[in-house]
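# sequence first, predicted model second:
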Amino acid sequence: MSEIVIAGGGAAGMFCAAYASELGHRVTIAEHNEKLGKKLFITGKGRCNFTNHCPPEEFLAHVLTNSRFLYSAAYGLTPDDVIACFERWGLPSKTERGRRVFPVSDHSSDVIAAMERVLRKNRVKVLLHTEAVRIVTADGAVTGLAVKRGDAESILPADYVVIACGGLSYPSTGSTGDGYLLAKAAGHTVTATSPSLVPIVCEGEYIRQMQGLSLKNVSLTISDGRRVLFSEQGEMMFTHFGITGPLVLSASAVMGDRIGRGALVSVIDLKPALTEEQLDGRIIRIVNENPNKALKNILHELYPQKMHAVILSLAGIAPDTKLHDLTKPMRAELVRVTKHFPLTLAALRGYNEAVVTKGGVSVKEIDPRSMQSRKVKGLCFIGEVLDLDAFTGGYNLQIAWCTAAACAEHFS
């Protein structure tokens, strides 16, 4: 039986504590917030998409950074294992579109409560309002974690110290990069960090004209002029600053710092189910059925209301144009704008809106089987503090769970 001290009571920290306590270890969580799971509580707009019901190889295919590092952990605790584990802890789940797994109740608080029940049952010590300030070592191994409560500093003795402080995303929930500072002080490398799974700022007043408009079953494609960086179909929404939604968050994850380093070509295909020829044929049918109507009066058959003025402006066609006067070049412009609706990407939004942080503690210095440091014996890193990130869909929380379990299973 070992003495485990975990810095951070978020998803990874709570899961590691619950898992390790079931294996008989004595566990203490030091959490600087007033409660556990503060970021987890707002995950998935409060519903908490806590994993994705897919085999491990598909999970790894959705991990963007350092997926090979996760191979052992991913097969050690699969999404099926996570679902079964939470079921055993009293959390029934359901699988929705895209194999996204949610609690049956649709309440993220129930995910937190399931882990808290295990913590209470196994007498895990939870210290709230407690800040981790220093990893204490002797002869190249951890001996404890220095913590601060108010103005008083003390040392929690430990055989293993687990850093589970998260990244920089949603700093209002307590993710302020503390884990990176602890890692650096212990001699670890922290790779460059940036917001990921985050809305995108776009230039152009016409974007703001469509504020609040949601699009479903559209395709978003982003290229750098030489190759396609991202191309997927799904949902997105226009905002006062640009674009957001599942498609956009996923796009932000693969773009990284390419925004601002060169021209990116971004377009929306508003009718991905139709070829350009099929779309032109549809327009011709509408023209033939309504030859005396003005173009502006039939656009509802093709586009949402908020796009009408924008589409016509981008196509350079007057709204009052009679359909019998709509020329072939005009139709070609409508087809072009519909299949290649232009976006000018300016920047990513900040950490306040980012689901996860890209970058973190370098995995080159971590044992992938146990999540233990190769530099300091008994020091472990799990969850978002590591240089690991994935697409939306429950994959980032699966990273938290499987790294936490790998860590817990290797305490001696």
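Arrived safely. All values derive from a computational prediction rather than experimental measurement.
# regarding Thr357, what is its secondary structure?
Under the three-state scheme (DSSP: H, G, I helix; E, B strand; the rest coil), Thr357 adopts strand.
# and Thr344, by the same measure?
Per three-state DSSP, the local secondary structure of Thr344 is strand.
# what's the spacing between it and Glu57?
Using CB to CB, to the nearest Å, one gets 37 Å for the distance from Thr344 to Glu57. No exception for glycine: its C-beta is placed from N, CA and C like everyone else's.
# same check on Ile200?
As it turns out, when the distance is counted by CB to CB, Ile200 lies 30 Å from Glu57.
# who's more crowded, these two?
Ile200 (24 against 11; other CB atoms under 10 Å).
# the more buried one contacts Thr239, doesn't it?
No. If you go by CB atoms under 8 Å, Ile200 and Thr239 don't touch, sitting 9.5 Å apart.
# low-confidence regions, the protein specifically.
Low-confidence regions of the chain, defined by pLDDT under 70, span residues 256-257, 260-263.
# ok so Ala183 is a strand residue?
No. In this structure, Ala183 is helix, not part of a strand, as judged by three-state DSSP.
# Gly383 versus the residue lying closest to it once chain neighbours are set aside, what's the distance?
For Ala183, the nearest residue in space outside its immediate sequence neighbours is Val361; the separation is 4.7 Å by CB to CB, 6 or more residues apart in numbering. Relative to Gly383, Val361 is positioned 10 Å away (CB to CB).
# what about these two, which has more around it?
Per other CB under 10 Å, whichever of Val361 and Gly383 has more neighbours is Gly383, with 32 against 27.
# for the more buried one, what are its contacts?
Contact analysis of Gly383 by CB atoms under 8 Å, 6 or more residues apart in numbering lists Gly8, Gly10, Ala11, Ala12, Gly13, Ala164, Gly166, Ile399, Ala400, Thr403, Ala404.
# hmm, back to that, who's in contact with the residue nearest to Ala183?
Under the criterion of CB under 8 Å, 6+ apart, the contact list for Val361 reads Ile163, Gly179, Tyr180, Ala183, His188, Thr189, Val190, Thr191, Phe381, Val385, Leu386, Asp387.
# repeat for Ala186
If you count contacts by CB under 8 Å, 6+ apart, Ala186 has them with Ile135, Thr137, Ser373, Lys375, Val376, Leu379.
# residue with max distance from the center of this structure?
The outermost residue of the chain relative to its centre, with distances by CA atoms, centre = their mean, is Asn292 at 49.8 Å.
# that one contacts Leu326, doesn't it?
No. When contacts are counted by CB under 8 Å, Asn292 is not listed as touching Leu326 (11.9 Å).
# before we move on, the earlier item: ok, so of the contacts of Val361, who is nearest Thr65?
Asp387 (6.0 Å; CB to CB).
# from what I can see that closest one touches Ile366, true?
No. With contact defined as CB under 8 Å, Asp387 does not count as touching Ile366 (9.1 Å).
# what about the spatially closest residue to Gly24 that is not a sequence neighbour, neighbour count?
Spatially, and ignoring its direct neighbours in sequence, Gly24 is nearest to Met1 (5.5 Å; CB to CB, 6+ apart). Counted by other CB under 10 Å, the residues lying close to Met1 total 10.
# one more: the one 3 residues further on?
Look at Ile4: counted by other CB under 10 Å, it has 26 neighbours.
# can you confirm it is in a strand?
Yes. Ile4 forms part of a strand when assessed by three-state DSSP.
# apart from its neighbours in sequence, what residue is nearest it?
Nearest one to Ile4, counting by CB to CB, 6+ apart, is Val27 at 4.6 Å.
# got a list of what the one you found touches?
Val27 sits in contact with Ile4, Val5, Ile6, Ala17, Ala20, Ser21, Asn122, Val124, Lys125, where contact means CB under 8 Å, 6+ apart.
# same check, this time on Leu40
Contact partners of Leu40, counting by CB under 8 Å, 6+ apart, are Gly10, Ala11, Met14, Cys48, Ser108, Val111, Ile112.
# where does the nearest residue to the second one once chain neighbours are set aside land in three-state SS?
Here the nearest residue to Ala11 in space, its sequence neighbours aside, is Ala400; by CB to CB, 6+ apart that works out to 4.3 Å. Under the three-state scheme (three-state DSSP), the conformation of Ala400 reads as helix.
# Ala400 against Ile382, yeah?
Yes. Under the criterion of CB under 8 Å, Ala400 lies in contact with Ile382, with a separation of 7.1 Å.
# more neighbours, the two?
For Ala400 versus Ile382, the count of surrounding residues by other CB under 10 Å is larger for Ile382: 33 against 28.
# three-state assignment of the residue lying closest to Gln209 once chain neighbours are set aside?
Among residues not flanking Gln209 along the chain, Val310 sits closest, at 5.8 Å (CB to CB, 6+ apart). Using three-state DSSP, the structure places Val310 in helix.
# break down the stretch 1-150 of the chain into its strands, ranges please.
Secondary structure of the stretch 1-150 of the chain (DSSP state E, counting those that start in this stretch): strands at 3-7, 26-30, 51-52, 63-65, 93-96, 100-103, 125-127, 131-138, 141-149.
# equivalent analysis for the stretch 301-412 of the chain, please.
For the stretch 301-412 of the chain, strands defined by DSSP E, counting those that start in this stretch occupy the ranges 341-348, 356-358, 379-381, 389-390.
# dump these to JSON lines, plus mean neighbour count.
Converted to JSON lines, those look like this (neighbours: other CB atoms under 10 Å):
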{"stretch": "strand 341-348", "mean neighbour count": "18"}
{"stretch": "strand 356-358", "mean neighbour count": "28"}
{"stretch": "strand 379-381", "mean neighbour count": "28"}
{"stretch": "strand 389-390", "mean neighbour count": "26"}
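# distance to Leu264 added to those, as JSON lines?
Formatted as JSON lines, the entries for these read as follows, by distance: least, CB to CB, whole Å:
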{"stretch": "strand 341-348", "distance to Leu264": "5"}
{"stretch": "strand 356-358", "distance to Leu264": "17"}
{"stretch": "strand 379-381", "distance to Leu264": "33"}
{"stretch": "strand 389-390", "distance to Leu264": "20"}
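# that concludes my questions; thank you for your assistance.
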